[in-house]
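> When you get a sec, could you give me coordinates for this:
(one chain, ligands or ions: 2)
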Amino acid sequence: MSEPQAVGRHMAVLGGGAWGTALAQAMLRAGHRVSLWARDAEIAAAIRQGENPRYLPGIAIDQGIEATTSLAEALEGADCILAVTPAQSLRQVLNEARQHIAPVIPIVLCAKGIERDSGALLSTIASEILPGNPIAALSGPSFATDVAKDLPTAVVVASRDEALAAELAALFSARNLRCYSSDDLVGVEIGGALKNVFALAAGAVAGAGLGASAQAAMVTRGFVELRRIGAAFGAKPETLMGLSGLGDLMLTCSSVQSRNFAYGLAMGQGESLADRPLAEGVPTAAIAARLAAEQGIDAPIISAVAAILEGAITIGEAVSMLMTRPLRTETD
Ligand SMILES: NC(=O)C1=CN([C@@H]2O[C@H](COP(=O)(O)OP(=O)(O)OC[C@H]3O[C@@H](n4cnc5c(N)ncnc54)[C@H](O)[C@@H]3O)[C@@H](O)[C@H]2O)C=CC1
Ligand SMILES: O=C(CO)COP(=O)(O)O
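Ligands and ions are numbered 1, 2, ... in the order given. Coordinates of the predicted model:
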């Protein structure tokens, strides 16, 4: 098992939001040089001054992150690139960045979602745009605020190239960031993408005051849907049981700190959903419901979440639909 090491590589982080900033902090702590590309000049300037008040208010950011609005500058000489903009913007960001990226540099996907228009996993998008670059994904139960505050956190780094995954896990690990490695790229991606949809459902249950028992049932049956869809994508069951699947499901389905859970909570309470923080489960629910339907996979919770978000049904109607489905054995 590789030990955490500080080897002073150059990590380029694309994205100046909560997770990009937190991961930049983590990379600094792991002993690397860190450049960060942010779209907004005021965010880049604030990060250089030791804060990111829009996305990580009240948390001190270590000095030393080379934040810039220039992709060319951020990517110049990078040994590894962490892509940390929202899932729906990955294609656009990588298309803009590709001219500055040398073919052998690993691209580590840190967003969680499925592209809404195409149904593509993020690794598929990255491979299309950067066919020569090794692709990895970093995922697991990890709130940006926890990582930025250097609280103990465990994540998984996956790549089809097992040796690369182990190398990246060793490079990223630090005193309070423990990275496991995996060769199940698709399994890690699908767990990270779908847990956000179930967090919306769990939040809605909490918001509508349906009780802790309903919430536990929702998460457990959500996990069954994750296993079914994961199997269709070729994910390993043990990956879905791991940090990026069950681990992240537990975190985001139980904490109002999760933006997806909080979005669901607001839905359940009948609050306005305008101008809320990023909730990746919203676009992913729509495409996951479509993919499941196209492949004949039974995914009633995902379909219900998508239908509620579309305004096609109410939460009450969704609950009644879920509760009156034909009875079956639990393990089907
Ligand atoms: N915040 C968290 O605790 C964690 C977030 N993630 C994932 O990381 C991804 C990013 O999330 P956050 O950083 O938290 O979101 P955020 O909302 O805090 O920040 C998103 C950043 O991306 C930028 N952005 C949005 N669209 C862009 C575009 N088209 N081009 C360039 N920049 C663009 C925004 O300006 C902002 O700086 C999401 O997929 C999320 O699921 C994963 C683990 C933890
Ligand atoms: O993915 C996350 C923690 O692992 C963050 O979840 P939210 O995007 O729901 O806040």
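> can you tell me which residues contact residue 119?
Residue 119 makes contact with 287, 290, 291 under the criterion CB atoms under 8 Å, 6 or more residues apart in numbering. All C-beta spots, glycine's among them, are computed from the backbone N, C-alpha and C.
> I meant to write residue 107 there.
Residues counted as contacts of residue 107 (CB under 8 Å, 6+ apart) are 81, 83, 94, 101, 126, 130, 133, 134, 135, 136.
> Need these in CSV (columns: secondary structure and neighbour count).
Output for those, formatted as CSV (DSSP: H, G, I helix; E, B strand; the rest coil; neighbours: other CB atoms under 10 Å):
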residue, secondary structure, neighbour count
81, strand, 28
83, strand, 27
94, helix, 23
101, coil, 19
126, helix, 24
130, coil, 21
133, coil, 19
134, coil, 20
135, strand, 24
136, strand, 29
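> any idea which of the residues you listed is the one closest to ligand 2?
Nearest to ligand 2 out of the contacts of residue 107 is residue 83 (CB to the nearest ligand atom; 14.9 Å).
> ends of stretch 202-212, how far apart?
Taking CA to CA, to the nearest Å, the first and last residues of stretch 202-212 lie 10 Å apart.
> Residue numbering should commence at 50 henceforth.
From this message on, residue numbering opens at 50, which makes the last subject stretch 251-261.
> bridging residues for the nearest residue to residue 172 once chain neighbours are set aside?
Nearest non-adjacent residue to residue 172, counting by CB to CB, 6 or more residues apart in numbering: residue 184, 5.0 Å away. Residue 184 has these beta-bridge partners by DSSP bridges: residue 156.
> Identify the residues contacting the helix or strand harbouring residue 268?
Taking DSSP states H and E as the definition, residue 268 sits inside helix 261-282. Here helix 261-282 makes contact (CB under 8 Å, 6+ apart) with 170, 235-236, 239-240, 243-244, 246-247, 250-251, 254-255, 286, 288-289, 294-295, 298-299, 302-303, 337, 340-341, 344, 346-351, 368.
> Just the ones of the residues you listed in helices?
235-236, 239-240, 243-244, 246-247, 250-251, 254-255, 286, 288-289, 298-299, 337, 340-341, 349-351, 368 (DSSP state H).
> got the contact list for residue 111?
74, 77, 78, 99.
> could you redo the last one with a cut-off of 6 Å?
74, 77 (CB atoms under 6 Å, 6 or more residues apart in numbering).
> For it, which three-state class applies?
coil (DSSP: H, G, I helix; E, B strand; the rest coil).
> Contact residues of the stretch 100-249 of the chain facing ligand 1?
Within reach of ligand 1 by CB under 6 Å from any ligand atom, the stretch 100-249 of the chain has these residues: 104, 133-136, 138, 141-142, 159-162, 191-193.
> which of the residues you listed sit farthest apart?
141 and 192 (25.8 Å; CB to CB).
> Comparing the two, which shows the higher neighbour count?
Comparing residue 141 with residue 192 by other CB atoms under 10 Å, the one with more neighbours is residue 192, at 19 against 10.
> In this protein, what residue comes closest to ligand 1?
residue 66 (1.7 Å).
> For that residue, list the residues it contacts.
Contacts of residue 66 by CB under 6 Å, 6+ apart are residue 104.
> Stretch 58-68 near ligand 2 at all?
No - Stretch 58-68 does not reach ligand 2 (CB under 6 Å from any ligand atom); its nearest approach is 7.5 Å.
> what mean pLDDT does that stretch have?
The pLDDT scores in stretch 58-68 average 98.
> And for stretch 92-105?
The average pLDDT for stretch 92-105 rounds to 97.
> Run the contact check for that stretch versus ligand 2.
No - counting by CB under 6 Å from any ligand atom, ligand 2 is not contacted by stretch 92-105; separation bottoms out at 11.3 Å.
> Which of the residues in that stretch are classified as buried?
Within stretch 92-105, the residues scored as buried using 16 or more other CB atoms under 10 Å are 92, 93, 95, 96, 97, 100, 101, 104, 105.
> what's the closest of those residues to ligand 2?
Using CB to the nearest ligand atom, the buried residues of stretch 92-105 come closest to ligand 2 at residue 104, 11.3 Å.
> secondary structure class for the closest one?
Under three-state DSSP, residue 104 comes out as coil.
> Point out where this protein drops to low pLDDT.
50-56 (pLDDT under 70).
> and the helix or strand residue 172 falls within, anywhere near ligand 2?
Assigned by DSSP H and E, residue 172 belongs to helix 171-178. No - using CB under 6 Å from any ligand atom, we find that helix 171-178 stays clear of ligand 2, coming within 13.6 Å at best.
> Next, the angle helix 234-256 makes with that helix.
130 degrees (axes from the mean of the first three to the mean of the last three CA atoms, to 10 degrees).
> what does this structure put close to ligand 2?
Residues of the chain lying close to ligand 2 (CB under 6 Å from any ligand atom) are 161, 190-192, 245, 248, 297, 300-301, 307-309, 329.
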